Each structure stands twice: as structure tokens, then as C-alpha cells.
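1. need coordinates for the below:
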Amino acid sequence: MGKQVHRITAHESRKITHPIFRKIDKYWLTVKATDFPAGISTAANAREPVGLNRLVYRDVRESLEGTGADPGTFDLMNKGITILALNVRLVDKEEQIFDITVDEEKGGIVDGAHTAKIIEQCNRDGTTDPAQYVEVYIRTGIENGLITDIARGLNTGMQVAPKSIYNIDGVFDWLKKEVSGRLYGDMIAWRESDTKEYDVRDLISILELFNVFDFPNDESKHPISAYEKWSIPLKKFAEDYEENKEKIKNSKYYRLRPILDDALVLYDYIRHDFRQIHNDAGGRAGKMNIVEEAGKNREFEFPFAHLQPNKYRLTKGACYPMLAAFRNVVEVDDSGNAKWRGGFKSVLRLWKEGGPELVKETDNAIEYIGRTPDHLGKNRTHWGGLHVKLQNRLLRAQLEATRSRKN
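-> Predicted coordinates:
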């Protein structure tokens, strides 16, 4: 029997003996994510820690890195890691240092192997937010006959994601056809099991940001759920399809179809350009939590706009409110479909000319809202402020054009 010994330093720990099986001890450790050891056996786990490109696991990574959730909240949103160990030895009570011995052929991580692997990757890349912690549950005294039952019991909670059901029902069929043939078409995941860079929810969220049917520009409500809770626009999309599937041209999301490709291009431009615009204005975007840095020897791709890869990009939480401000230049044509006012080239000029204002507004918002992407992405005042900022710029341009014509 091969053995592994791993040292874990806990912020806090607790130990109890099982009330029925007196030989079984249960430990609960709260561990700083950067201190969690790599290489713990996953022999006991019912699922191999593979497929980390699946969106559900990329969400976990963004949370761990502090770009998809507030720093310090990882242990509150993640169910943690459970380890079956041969024994646990307290090395230093004051420092809360433990040596964990596991059977590398039968024991180790029985639940949470993907979480452990993601922590290992982020620690290796140096992207783990230092404020994140993870709950570690350790069981000792587990006999061989119980290992399989425990593994099965702890791994029955993964339900089929709604998007997988919608995919089977044909909800995404017109959207698939729309992106078919695009260079990024093969990068979209339509089911939970797909391992792609982007997700159908990304497409639907972008459509929601420009949804002038539900969020008219002359009203003060904004599509914050596109960032705050992906399940809401996904559900809206499915309900809209069900209501209009016999005549899909009446679907509000289908009517947004003509601007989808351009909207994705604009999304790339904003994520790509933000840091440089901020720095050109005298800022230090490298110190901002809303700008993420690729791991070692990695660069971010911008496949929608075909921009050069970059070491940095703006996080979704900071990008979405800025992107949604461009709903100001979406209008409905005579056929009821969405279109860009003045054409998409004018929209890109608007970003180049008005981008610095939006970047400055975002920088200012950090001071009174908070420094994380989550703070910006969920703040209604910030969404409204960016929308009004761009709206005012457009009104000034119209006024100047009117004066020029009169002169």
C-alpha cells in the first residue's frame, strides 16, 4: 500500500468522533487556498478531475481568483474538499499544522477533486486571490467497504444543467445556425458536458445587454441579471422560444440576431482596450482587481474581434455595464429587428472616442462601490451612470450636428 503525507496549515480546525462508528473521526479545517497542498491522491473520487474547461469549472476558477466573486467568499460558495485519510497528526497546535496520511491507491480526495485541481492550477499560475479559503473535511477510520458508498453518496448531487435540457428541446437551434460558419462557432458550448472556451449563456447574456425590447433606452431599468444571475436570461430566452417557436421571427431574441456578431466584437474591444486606455490617461490598471492577468506563459485570446492576444483583459463584471451602455445606439428597424444607429463602424468610433469617459467613470466608481468586478457588475447605480454618460455624449453630438447644419 503506497502512502502519501501532506502537510496542511489551517486557519481554524475542529474534530469530532462519529456518534455511531466510534473508530471514525471527522475533521473540519478552514484552509487558506494558497496553502492547500497539491498532488493529493484522487483514487477514492467517483469523478476524475478532468474537463476543467467546462464552464461550471471555469466559474469556480474565476471565483477563486476573485474576478467572478468577492475575495474572501470562495469558501461560502464552494462545498469544499473531502479527504479519506489513514490518519491525521497535529504537528503544531498553536500554528494549526497537520500532517495528513492517505492511501494513494484507495483513499485521498473523495469529493471536490475538481476544486482541488483548480486550486492547484491557480496556485501554480500565481492567480489565486490571497483572501480565499476552502473548507477541507477529513475522515479517518473508514473501512474499505464504506469507501465506495461514501464516494457514490457524495457525488450524486450534480444535476443536469438547464442548458443541456434546452439544447435537447431545440431551444438553441436558431442561435446555433446563426453562429455556424463563424470562426468562433466551434468555441461555443451548448451542453454542460461540452469543453469549449465560451458558453451559450455568454451569447444569450450579450443579447440581453442589448435587449431594447425589455430595457428601452428611455427607461431607467438595466439588464443587470446578464451578469448577476445567468439563469435569468437563460430562462427568459427559453420561455421566449417556447412562446414563439411556431413563428420564430416574433421572438425578441431572434429580432436581436442582426447585431449579435457585432456586439461580440465590441465586447472583445472593450475587454482588450480598457487597460491601455486607463494607463494612457495616467492610471495604473495593473493594480486594479477588475483587470485580470493571464497565467504564466499564457495570453488571452479575443476571437470575436480577431485582436492580438494580450496578457491582460477586463473582467466580465466590469465589462458588462460598459457594454450595456451601447444599448443607446441600438434601434428597431421597420421590420421589427434590432440594428445599429448609423452602422457598426460608427459604434466602434464611439468606443474609440467615448471609451475614455466610460473607463474614467468605471475608475471613479471603484472608489465608492468597491474594487472587485462583482461590486461593479451588481451595482445598479453604476449601470445607470454608464448608460447616462454615453447617452449624454450622443445628445451633445446631435446638438452640435444640428448647430452645424444651421450655420
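
2. so where's the stretch 1-150 of the chain uncertain?
-> 1, 45-56, 144-145, 148 (pLDDT under 70).

3. one more: the stretch 151-300 of the chain?
-> 152, 155-165, 168, 192-193, 284-287.

4. all helices in it, in order from the N-terminus.
-> 162-168, 173-179, 200-209, 225-228, 231-244, 252-255, 260-280 (DSSP state H, counting those that start in this stretch).

5. need those helices in a markdown table with mean neighbour count and distance to Ile20, can you?
-> Quick note: C-beta positions are derived from backbone N, CA and C, even for glycine. Shown next, in a markdown table, are these (neighbours: other C-beta atoms under 10 Å; distance: least, C-beta to C-beta, whole Å):
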| stretch | mean neighbour count | distance to Ile20 |
| --- | --- | --- |
| helix 162-168 | 17 | 38 |
| helix 173-179 | 16 | 52 |
| helix 200-209 | 24 | 44 |
| helix 225-228 | 21 | 43 |
| helix 231-244 | 17 | 39 |
| helix 252-255 | 21 | 54 |
| helix 260-280 | 20 | 54 |
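
6. indicate which one of those helices is closest to Ile290.
-> With C-beta to C-beta as the criterion, Ile290 lies closest to helix 260-280 of the helices of the stretch 151-300 of the chain, at 8.3 Å.

7. so how far is the closest one from its chain's centroid?
-> Distance of helix 260-280 from the chain centroid (C-alpha atoms, centre = their mean, to the nearest Å) equals 17 Å.

8. and the angle from that helix to helix 200-209?
-> 80 degrees (axes from the mean of the first three to the mean of the last three C-alpha atoms, to 10 degrees).

9. numbering from 345 from now on, please.
-> In the new numbering, first residue 345, that becomes helix 604-624.

10. name the residues that touch helix 604-624?
-> Helix 604-624 is contacted by residues 522-523, 526, 528, 547, 550-551, 553-554, 628-630, 632, 635, 644, 646-649, 651, 654, 656-658, 662-663, 666-667, 670, 684, 688, 691-692, 695, 699-700, 703, 706-707 when judged by C-beta atoms under 8 Å, 6 or more residues apart in numbering.

11. can you check stretch 459-474 too?
-> With C-beta under 8 Å, 6+ apart, stretch 459-474 has contacts from 376-378, 380, 382-384, 386, 393, 396, 401, 404-405, 408-410, 415, 418, 422, 424-425, 453, 478, 636-637, 639-640, 642.

12. before we move on, the earlier item: redo the helices of the stretch 495-644 of the chain as a markdown table? Include distance to Lys367.
-> Shown next, in a markdown table, are these (distance: least, C-beta to C-beta, whole Å):
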| stretch | distance to Lys367 |
| --- | --- |
| helix 506-512 | 42 |
| helix 517-523 | 55 |
| helix 544-553 | 46 |
| helix 569-572 | 47 |
| helix 575-588 | 43 |
| helix 596-599 | 58 |
| helix 604-624 | 54 |
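
13. just to check, Pro602 is in contact with Gly687?
-> No - between Pro602 and Gly687 there is no contact under C-beta atoms under 8 Å: 11.8 Å.

14. all set now, cheers.
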